[in-house]
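A.B. asks: quick one, what's the 3D model for this:
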Amino acid sequence: MEQVIYFQDKSLTFSMMKPKSEGLVIPAVEASSLTRAKVLKIFETHNSVIQLTTDPEAAFKRFAEEFTVVEAAGGVVVNSRGEWLMIHRNGRWDLPKGHVEVGESFDRCAEREIEEETGVKARVLRPLCDTWHAYYFPRTERWELKRTHWYLLRSTEQSQLKGQAEEGIEQVAWCNQTELNLYLNDSYPTIRCVVAALRAVVNR
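C.D. replies: Here you go, the predicted model:
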């Protein structure tokens with residue numbers, strides 16, 4: 001078992017054993033001394049940090065105490081032609097998602113955010129995975145740790161694509177598998193995790 005937190009294109013992994021991916025390995029005896037400041041300093045010279053620990057979940061929770069945890073949901077919408085819905089913002093291809101409102105279920109949040117950000121109405125079919133993403137939020141002057149609940153959805157009707165300008169969405173597009181592979185090269189690691197989870201479901 002392992003837990004991964006992404007800081008944009010960099011990653012912090014809590015694991016019982018050294019992963020196959022390369023990165024700076026911190027031995028288990030130093031698990032209690034791992035802080036956000038220490039990780040950010042390491043990221044100046046490394047893209048990946050692996051914290052070895054006998055209890056990845058406990059180490060993850062201890063590290064997460066330095067952040068404000070927020071919940072979000074989104075997903076991959078597939079249409080009748082087998083195309084996947086993607087958005088482009090901040091110079092990268094992404095998947096639609098957003099923060100969970102008070103009293104809102106995760107799957108309902110995914111459906112709402114997708115419609116708001118893209119104009120596409122979709123229905124949740126099944127959960128895919130959760131990802132963790134850490135970032136500094138200037139508006140509140142705090143570090144946030146966002147858990148995004150990702151779903152597979154099916155579009156319920158033909159809708160006009162319309163990017164939500166106030167969310168900085170520059171383009172909304174249905175993409176085939178060839179386009180998807182190209183777009184993933186210009187995306188975030190978390191998005192590649194979601195696509196891998198969906199492909200695992202499809203290939204079962």
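A.B. asks: longest strand in the chain, please.
C.D. replies: strand 122-137 (DSSP state E).
A.B. asks: give me the contacts around that one.
C.D. replies: 3-8, 36, 67, 75-77, 85, 107, 110-111, 114-115, 142-156, 190, 193-194, 197-198, 201 (C-beta atoms under 8 Å, 6 or more residues apart in numbering). In short, each C-beta sits where N, CA and C put it, glycine included.
A.B. asks: cutoff 6 Å now
C.D. replies: For strand 122-137, contacts defined as C-beta atoms under 6 Å, 6 or more residues apart in numbering pick out 5-7, 77, 107, 114, 143-156, 190, 193, 197-198.
A.B. asks: look at the residue lying farthest from the centre of the chain and tell me its secondary structure.
C.D. replies: Most distant residue from the mean C-alpha position of the chain: V29, 29.5 Å away (C-alpha atoms, centre = their mean). State at V29, reduced to three classes by DSSP: H, G, I helix; E, B strand; the rest coil: helix.
A.B. asks: where does the protein have low pLDDT?
C.D. replies: For the chain, the stretches with pLDDT under 70 are 204.
A.B. asks: show me where it has strands.
C.D. replies: Under the criterion DSSP E, the chain carries strands at the ranges 2-7, 10-15, 24-26, 48-52, 68-78, 84-89, 92-94, 97-99, 122-137, 142-155, 169-175.
A.B. asks: by how many degrees do the first one and strand 142-155 diverge?
C.D. replies: Orientation check (axes from the mean of the first three to the mean of the last three C-alpha atoms, to 10 degrees): strand 2-7 against strand 142-155 gives 110 degrees.
A.B. asks: for K97, which non-adjacent residue is closest in space?
C.D. replies: Leaving aside its chain neighbours, K97 sits nearest to G74 (2.4 Å; criterion: C-beta to C-beta, 6 or more residues apart in numbering).
A.B. asks: so what's the one you found bridging to?
C.D. replies: For G74, the beta-bridge partners are K97, W150 (DSSP bridges).
A.B. asks: check Y136 too.
C.D. replies: Counting by DSSP bridges, the residues bridging with Y136 are W143.
A.B. asks: for it, give its distance to R36.
C.D. replies: According to C-beta to C-beta, to the nearest Å, Y136 and R36 sit 10 Å apart.
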